[in-house]
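Asks: okay, here's the prediction I keep looking at, along with the sequence it came from:
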Amino acid sequence: MTAVAPALSPSVDALRAAFGSAVLRAAVSCGDSIVWVAADRAHEILAWLKNTPGQTFNYLTDVTAVDYRDPDRPLEVSYQLRSLSRKADLRVKIPLDKAQPLAVDSVVDLWRGADWLEREVFDMFGVTFTGHPDLRRILMWDTYAEGHPLRKDFPLRGNFTRAEQTRQALAANPEAHYSMEELSIADAFNELPEDMKRRLLDGQRGELR
Amino acid sequence: MSTRTVEMALATPGLDERGRPSRLPLSIGQPGDDDMGAEHMLVNIGPQHPATHGVLRLVLELEGETVKRCIPHIGYLHSGFEKLGEYRHYNQIVPLTDRTDYLSPMANNVCLALAAEKLMGIEITERCQVLRVIACEMSRIISHLVWLGTTGIDLGAFTPFLWSFYQRERIYNLQEAWTGARLTTSLTRIGGMMADVPDGWEAGLRDFTATFTRTLDEVDTMFTRNSIWCGRTQGVGVLTAEEAINFSLSGPMLRASGVDYDVRKDRPYLGYETYDFDVPVGEHGDIYDRYRVRLEEMYQSNRILEQALDRLARLKGAPLNTDDHRVILPPKGRAMSDMEAMIHHFKQVMEGIPAPAGEAYLGVENPKGELGYYFVADGTAKPVRWRIRPPSFINLACLPKLCEGALLSDVIAINASVDIVMGEIDR
Amino acid sequence: MGLTLPPDGEVTEVPAVSPNWLTTRLDFLVNWGRANSLWPMPFGTACCAIEFMATAAGRFDISRFGMERMSFSPRQADVLICAGRLPFKLAPIIRRVWDQMPQPKWAISMGACASTGGIFDTYAMVQGIDTIIPVDVYVPGCPPRPEGLMYGIMLLQKKIKGETMADPSLRQELLVNEQGFFVPPEKIDEISEPFGNSVHQTRSA
């Protein structure tokens, strides 16, 4: 609770110098520095922030998304970064036009901690993370058919009636849905397509590329 | 074809007409295996299993007794907290936070109030800060006590469970006297507290801090040099400092790996920088170090509690809530006798407290790690987005890495050492 | 999932035995034994599970009721205690656990969430586990205090002591239709309706 006027993080100027127009805008809200970047260069920018000496945002605090009540406002994917050594924070946001397919590049190759966080954003908002090794629903079950719960067009009680929800939940068999990794050692292995079989036999499953 | 479509396509023919699996892939060798012909086996643990600390489900691929792969499945306790928060006033979210990490409800309440105050730009009084520190540290102790008791049971020691639950009951008594509830405390309000501590309450807490560490000493005697305990925990589930940072771990999990990072020290809130306490840091990153770190944290919390009690005595009679009338309800006596105060009271309860458009992230050091609340506001009295940065969700994500190559019995110990609480993981 | 009705709706009738001195004495003996050695299957999911653990620990000591033997395998359990909220994702699990428990069996729904969905009137939550499995005792509270749970257990013991072998319907398995329901879907919709203040709490701004 300090009375010092909040200033924009110096990292924002460095980002502008390095990436120019890919940095869309920047602002300070409640003392937190926020920078909006273009989706197509987001991965590059986040890698730069992590690896550049003087920035060293080596700790990914959180990945989440925000869907605003105004339906025309873009959905934002938000990365909360932290430099443990410099004790500095930066929030990087990627606006995504809801009329287009929602997709950004995954940062699991930079931070392993992003794995489940990105799966959660995929589950709750329907944002696809390109290059994620195992992008599945994480909180809802695989065959969940109602949509993406944290989107604003999703009603609080869900899209279906309670009876229909109960019926679908009881029909969802937890034993029937194994992930590819689990299936790879099951007898279903023989039913996999050739290229996937080859990858699994080479031990490439679950590895980060 | 994406991973997902393959999975769906393969899962469906495996069902009979009632939706039951006609084929249970349990014990099938993998073509091309060269590991001495050992059969691989899928073992499913949970979602209802006493050692998974809730409704976690683990699918393990075993070769003999060695874990080749561990695949956690979560979401069995997903209750829609974040969605529900978008339909509630800021003060109405406080009861929801009790039920996320239900092992440390008061610390969650404090984090929520701090985040909302950061969003609205509200200063709190010194006495309120001290009481919130007490709430946080009491929560840390009861949360670590549950961890100690349940981990002891998982590793075959029942007695510490009874000891730690006895001490928890003492804190529950204090919590109940303060808030009226044993577990769902709803202690804070924006700009202050739900209630001041009752008369004579401090004496009860003093009695607790004076005698509580004896239990810790007993546990220390029982465990720290116990050969069974050391054998089950030392060198098991090791994570290096770089890996711990890369996995975004926090709290005792991060510090046991040798990273000296504690939110209370590195970005202080509630005046933690003015308290005298140490942050225990491990060096091996194994289960044993996590145990040592948590045990020491309880001693340190006890130290903080004693200092906070001294300050509370000094601040006797000082105001508890901020005098900002935007957020604090008028006193009950005035609301019942004064028309304006009553209208004010009514409007604030019915319409909530509007927060200016903006967003705020605030992280605090919870027993499990860094708990962060991230609010996005658009000028109304309900948040556009209430995001919980769940420490145990992020800590649990490294479980597959920790279990790789461990023995089946180690999986139980490793899972216990992460200190998970499913209410927070699944939200 | 679940045990299904026979296809032609055929139900076996068991002739009722009229109570006489012998059967009532036998009932008393059997019920006394059952009521005082209930093995609980703790289906602990959330906050209530912590209070359940407190009930099991030293101060409240559930072994006074002959219940200290927790049966984590449903196949040896007598009473299922659903302690905590039950999301839809968990619904097939509790149904499976219940189906695996042998007769005689009872269920306690501990806490507001298990009984009615509690404060979670959301897309993810079952609005009362009695839409999934039959429930004998509902314990209110959020979470119930250990004393509350013990009162529920004592009510269950009272219920057991009133049972008779002459009534085969008590031991009848729950049969579900092909959709997985044992209550009509309209009933589920009806009891899941928001009520009271929660009707007004679904506006987001």
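Replies: In hand now; what should we look at?
Asks: and the stretch 201-350 of chain B, which of its residues are near chain A?
Replies: Within the stretch 201-350 of chain B, the positions adjacent to chain A are B:243, B:245-249, B:259, B:261, B:266-267 by CB under 8 Å from any CB of the partner chain. Bear in mind the C-beta positions are built from the backbone N, C-alpha and C, glycine included.
Asks: same thing but 6 Å
Replies: Selection of the stretch 201-350 of chain B residues close to chain A by CB under 6 Å from any CB of the partner chain yields B:245-248, B:261, B:266.
Asks: so which of those wins on neighbours?
Replies: Within these, B:Ser248 tops the neighbour count with 28 neighbours, counted by other CB atoms under 10 Å in any protein chain shown.
Asks: quick one, phi/psi of that one?
Replies: Main-chain torsions, B:Ser248, degrees, to the nearest 10: phi 60, psi 30.
Asks: my read: it touches B:Ile394, true?
Replies: Yes: counting by CB atoms under 6 Å, B:Ser248 does reach B:Ile394; the two are 5.1 Å apart.
Asks: strands of chain B, start to end?
Replies: Counting by DSSP state E, the segments of chain B that form strands are B:40-45, B:57-63, B:66-73, B:188-189, B:192-193, B:358-366, B:369-377, B:385-389.
Asks: tell me how far the fifth one lies from the chain's centre.
Replies: Here the centre of mass of C-alpha atoms in strand B:192-193, compared against the chain's by CA atoms, centre = their mean, to the nearest Å, lies 21 Å away.
Asks: now do stretch A:149-164: distance from first to last residue.
Replies: 16 Å (CA to CA, to the nearest Å).
Asks: for it, which positions count as buried?
Replies: By 16 or more other CB atoms under 10 Å in any protein chain shown, the buried positions in stretch A:149-164 come out as A:149-152, A:154, A:156-158, A:162-164.
Asks: show me what from chain C comes close to chain B.
Replies: Contact residues (CB under 6 Å from any CB) of chain C with chain B: C:45-47, C:50, C:57-59, C:72, C:85, C:87, C:89-90, C:93, C:120, C:122-125, C:142-143, C:202, C:204-205.
Asks: helices of chain C, start to end?
Replies: Applying DSSP state H to chain C gives helices spanning C:21-35, C:47-56, C:91-100, C:112-116, C:146-161, C:185-191.
Asks: also chain A?
Replies: Ranges of helices within chain A are A:10-19, A:42-51, A:114-125, A:162-171, A:180-184, A:194-201, based on DSSP H.
Asks: out of those, which is the most enclosed?
Replies: Neighbour counts (mean count of other CB atoms under 10 Å in any protein chain shown) averaged over each of the helices of chain A peak at helix A:114-125, with a mean of 24.
Asks: can that one be said to contact chain C?
Replies: No: taking CB under 6 Å from any CB as the criterion, helix A:114-125 and chain C are apart, separated by no less than 11.0 Å.
Asks: quick one: that helix to helix A:42-51, angle?
Replies: Calculated by axes from the mean of the first three to the mean of the last three CA atoms, to 10 degrees, helix A:114-125 forms an angle of 140 degrees with helix A:42-51.
Asks: with only the CA atoms kept, save helix A:114-125 in CSV.
Replies: What follows is helix A:114-125, C-alpha atoms only, in CSV (Å, rounded to 0.1, in the frame of the first residue of the first chain):
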residue,chain,number,x,y,z
ALA,A,114,2.2,-23.6,-19.0
ASP,A,115,1.0,-27.1,-19.8
TRP,A,116,-2.0,-27.4,-17.6
LEU,A,117,-2.7,-23.7,-17.5
GLU,A,118,-3.1,-23.7,-21.3
ARG,A,119,-5.2,-26.8,-21.2
GLU,A,120,-7.5,-25.0,-18.7
VAL,A,121,-7.8,-22.0,-21.0
PHE,A,122,-8.6,-24.3,-23.9
ASP,A,123,-11.2,-26.0,-21.8
MET,A,124,-12.9,-23.0,-20.3
PHE,A,125,-12.6,-20.5,-23.3
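Asks: who does it touch, helix- and strand-wise?
Replies: Judged by 3 or more CB pairs under 6 Å, 6 or more residues apart in numbering or on different chains; DSSP states H and E, the packing partners of helix A:114-125 are strand A:59-66.
Asks: quick one: is the strand it packs on near chain C?
Replies: No: judged by CB under 6 Å from any CB, strand A:59-66 stays clear of chain C, getting no closer than 13.6 Å.
Asks: pLDDT averaged over that strand - what is it?
Replies: Strand A:59-66 carries an average pLDDT of 92.
Asks: grab the most central residue of chain C for me.
Replies: C:Ala107 (2.1 Å; CA atoms, centre = their mean).
Asks: my guess is it contacts C:Ala83. True?
Replies: No: using CB under 6 Å, C:Ala107 makes no contact with C:Ala83, being 11.5 Å away.
Asks: now pLDDT and distance to chain C too, for the residues of the stretch 201-350 of chain B next to chain A, in JSON lines please.
Replies: Shown next, in JSON lines, are these (pLDDT from 0 to 100; distance: CB to the nearest CB, whole Å):
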{"residue": "B:Ile245", "pLDDT": "91", "distance to chain C": "31"}
{"residue": "B:Asn246", "pLDDT": "90", "distance to chain C": "30"}
{"residue": "B:Phe247", "pLDDT": "91", "distance to chain C": "25"}
{"residue": "B:Ser248", "pLDDT": "91", "distance to chain C": "25"}
{"residue": "B:Tyr261", "pLDDT": "89", "distance to chain C": "29"}
{"residue": "B:Asp266", "pLDDT": "87", "distance to chain C": "30"}
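Asks: and the residues you listed, which of them are in helices?
Replies: Taking DSSP H, the ones among these that sit in helices are B:245-246, B:266.
Asks: out of those, flag the one nearest to B:Ala51.
Replies: Nearest to B:Ala51, judged by CB to CB, of those is B:Asn246 at 27.5 Å.
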